[in-house]
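Asker: the sequence isn't on hand, but the structure is:
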Ligand SMILES: [Zn+2]
């Protein structure tokens, strides 16, 4: 009976593309239950004491055996994200706990660790290709960081710390969300709305009405908070929202939502966890799987960047203060004036309308431009192709060699829908690898070719008043987003590695994985590309150079100040997890003040409680990793500058080298080795500074 249902289950068809034409929510439970069972059986077999630990008897069957579950669950997760109707949500949520439990157990299965250790100690190891040695090393590393080498009597404590940390992180975000929701400001006097855009006023009015009140209701959620800080002429309103925002989840609010003790406890537990693992502090643990070598290296990096950005940041602040005084009549520039005055200065200096820019980025032109960039840079061809799809909006393409051999394929789902998760993302449907035995005959060269999902949330084409379909137009930020995700896409698709765990983005260090995506963004600022990539929706005219120059100037507006702000957060995060003793005299706020004295050009009020809402590091995955934003920006800007030095953004040999040394190798070697091979030297911050207008070109 069961096997009958399973035989026809589209989630269990791994012969080619996901069967979006056939898969139904009811297929999820039987398929995933079956695959979890198979995976568990396999693990029991592979961890048998009598099984020889070799690549072909252990590592390969394990990768092979875990892939079907990952692929099938990937399809379910994808549908949950892009077609979040009740039936799919229910099907996804019903199996999620079981799937999560399986992967948690896998990471704690130290019998697997023992087998990998035996491979590493065997004579075979030295004979393995370096990509496979790296896979074994990654496994050993991850198991070690999960406590695999702890003495047995310490393991329960380690486990308890992990569990407490997970619940503290959840509590931290809950407090922050509840504190964010707890505040609202009801404005009764219409005069206080001066400066606010019409749509923001309407939203505030509707929010008050929902509470059965008159007037306008403002909250600390971004769509309400940001426009107030940016546009509201009322200094009182700005100050009120600023203070409420800056003191969320702190001792200034309800005690049950105060994150002060959680922060201390999280830091203590992380420190204890690090010491159990044999490291001096948590920052060292965080850096083990990252590209950065040591805390000292990252500190030097951040301080170097801060030093170079400082004169520009000081100039930015001086300009802003002078402007606020003379043009806005603000004798002192308070923290709640900064965004407001900056917006006014930006408008005065580089006034251009986002809406005007948007008219030039019509969908067909943008896609054609993007495809041409990829084809030219990497000597490939892109063509429309056919596949079962989950929605009529979706398009499907193939990437080929110039002689017509298939390299990879991707889905493009551009438009926002009510049932689609927000934001933009790249995800993998199929990864490149040597095909499993049962499919090898059907693949001409024995290689399973990669497939990617590219998802955005852009506005779809609309029918205008004359009943004609008007092409979709994108903001410049949306175009940048599309290029960014495509950068992740080509990293996944253009890999030439045949071992799945290090093919494409697999196994790439966390602080290097944004290199290809940020690299691709540069082409949205490349004048040699833009005229080809734009056509005004009404006139067909390409983007005028004068408008582009304004966009470029606005891009670098206050880049000194912005850089120092990011460095301040990153430095605070890193020092907090390395040079700070949670049990000591000095408080978290003392440390933050020291960091600010070192790098900040605008110091917030004394009552500001930034750490209490720093969820990146207390509730997200960024602890001792916030520096990665700037780190990856430096790498990508430095890579792009290799093209500038070669005289063209499309220089053929440089493009080939980027493909061969960065994209194609994926995670099969350390990111620094790939960078060195491409650039011929270590990364420097100069290219990023130049691009941001902080060094003369
Ligand atoms: Zn990204």
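Answerer: Ah, there it is. These numbers come from a predicted model, not from an experiment.
Asker: in the stretch 301-450 of the chain, where is pLDDT below threshold?
Answerer: Regions of the stretch 301-450 of the chain meeting the criterion pLDDT under 70 are absent.
Asker: now do the helices in it.
Answerer: 338-350, 354-358, 363-378, 437-440 (DSSP state H, counting those that start in this stretch).
Asker: quick one, which of these is packed in tightest?
Answerer: helix 363-378 (a mean of 19; mean count of other Cβ atoms under 10 Å). C-beta: built from backbone N, CA, C; applies to glycine.
Asker: and for stretch 235-248, what's in contact with it?
Answerer: Stretch 235-248 has contacts (Cβ atoms under 8 Å, 6 or more residues apart in numbering) with 176, 179-180, 183, 185, 187, 192, 218, 220, 225, 228-229, 232, 253, 330, 334-337, 340, 604-605, 607-610, 612-613.
Asker: before we move on, back to that, any chance of the helices of the stretch 301-450 of the chain in CSV, with distance to residue 50 too?
Answerer: Shown next, in CSV, are the helices of the stretch 301-450 of the chain (distance: least, Cβ to Cβ, whole Å):
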stretch, distance to residue 50
helix 338-350, 66
helix 354-358, 66
helix 363-378, 48
helix 437-440, 23
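Asker: of those helices, which is nearest residue 595?
Answerer: Across the helices of the stretch 301-450 of the chain, residue 595 has its closest neighbour in helix 338-350 (18.5 Å, Cβ to Cβ).
Asker: I'd like the next helix or strand past the lowest-mean-pLDDT helix or strand in the chain.
Answerer: Every helix and strand of the chain was ranked by mean pLDDT, DSSP states H and E. The lowest is helix 2-7, at a mean of 64. Later in the chain than helix 2-7, the nearest helix or strand by DSSP states H and E is helix 28-46.
Asker: doesn't residue 472 make contact with residue 362?
Answerer: Yes. Between residue 362 and residue 472 a contact is recorded at 7.3 Å, counting by Cβ atoms under 8 Å.
Asker: neighbour-wise, which of those two wins?
Answerer: residue 362 (23 against 19; other Cβ atoms under 10 Å).
Asker: ranges for the strands of the stretch 251-400 of the chain?
Answerer: Using DSSP state E, counting those that start in this stretch, the strands found in the stretch 251-400 of the chain span residues 381-384, 395-400.
Asker: would TSV of the ones you listed with mean neighbour count and distance to residue 168 be doable?
Answerer: Formatted as TSV, the strands of the stretch 251-400 of the chain follow (neighbours: other Cβ atoms under 10 Å; distance: least, Cβ to Cβ, whole Å):
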stretch	mean neighbour count	distance to residue 168
strand 381-384	13	47
strand 395-400	19	44
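Asker: next, format those as JSON lines and append distance to residue 305.
Answerer: Shown next, in JSON lines, are the strands of the stretch 251-400 of the chain (distance: least, Cβ to Cβ, whole Å):
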{"stretch": "strand 381-384", "distance to residue 305": "37"}
{"stretch": "strand 395-400", "distance to residue 305": "36"}
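Asker: list the helices and strands the helix or strand that contains residue 161 packs on?
Answerer: Element membership for residue 161 (DSSP H and E) is helix 155-182. Helices and strands touching helix 155-182, by 3 or more Cβ pairs under 8 Å, 6 or more residues apart in numbering; DSSP states H and E, are helix 260-276, helix 615-618.
Asker: re the thing from before, for ChimeraX, what selects the buried ones among the contacts of stretch 235-248?
Answerer: The command below creates a ChimeraX selection of those among these that count as buried (16 or more other Cβ atoms under 10 Å):
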select :176,179,180,183,185,187,192,218,220,225,228,229,232,253,330,334,335,336,337,340,604,608,609,610,612,613
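Asker: poorly predicted segments of this structure, please.
Answerer: 1-5, 696-697.
Asker: still on that earlier bit, to residue 302, which of the strands of the stretch 251-400 of the chain lies closest?
Answerer: Nearest to residue 302 among the strands of the stretch 251-400 of the chain is strand 395-400; the distance by Cβ to Cβ comes to 37.8 Å.
Asker: parallel or antiparallel, which strands does that closest one pair with?
Answerer: If you go by DSSP bridges, strand 395-400 pairs up with strand 381-384 (antiparallel), strand 406-415 (antiparallel).
Asker: and the residue nearest the centre of the chain, what is it in contact with?
Answerer: Geometric centre of the chain, nearest residue: residue 514, 7.5 Å, by Cα atoms, centre = their mean. By Cβ under 8 Å, 6+ apart, the contact set of residue 514 is 628, 632, 636.
Asker: I figured residue 412 hits residue 395, correct?
Answerer: Yes. With contact defined as Cβ under 8 Å, residue 412 counts as touching residue 395 (4.8 Å).
Asker: what's the burial count for the nearest residue to residue 627 once chain neighbours are set aside?
Answerer: Spatial nearest neighbour of residue 627, chain neighbours left out: residue 570 (4.1 Å); criterion: Cβ to Cβ, 6 or more residues apart in numbering. Counted with other Cβ under 10 Å, residues neighbouring residue 570 total 28.
Asker: rewinding a little: which one of the helices of the stretch 301-450 of the chain lies nearest to residue 29?
Answerer: For residue 29, the closest of the helices of the stretch 301-450 of the chain is helix 437-440, at 24.6 Å, according to Cβ to Cβ.
Asker: got the phi/psi numbers for residue 138?
Answerer: The phi and psi values for residue 138, taken as degrees, to the nearest 10, are phi -60, psi -40.
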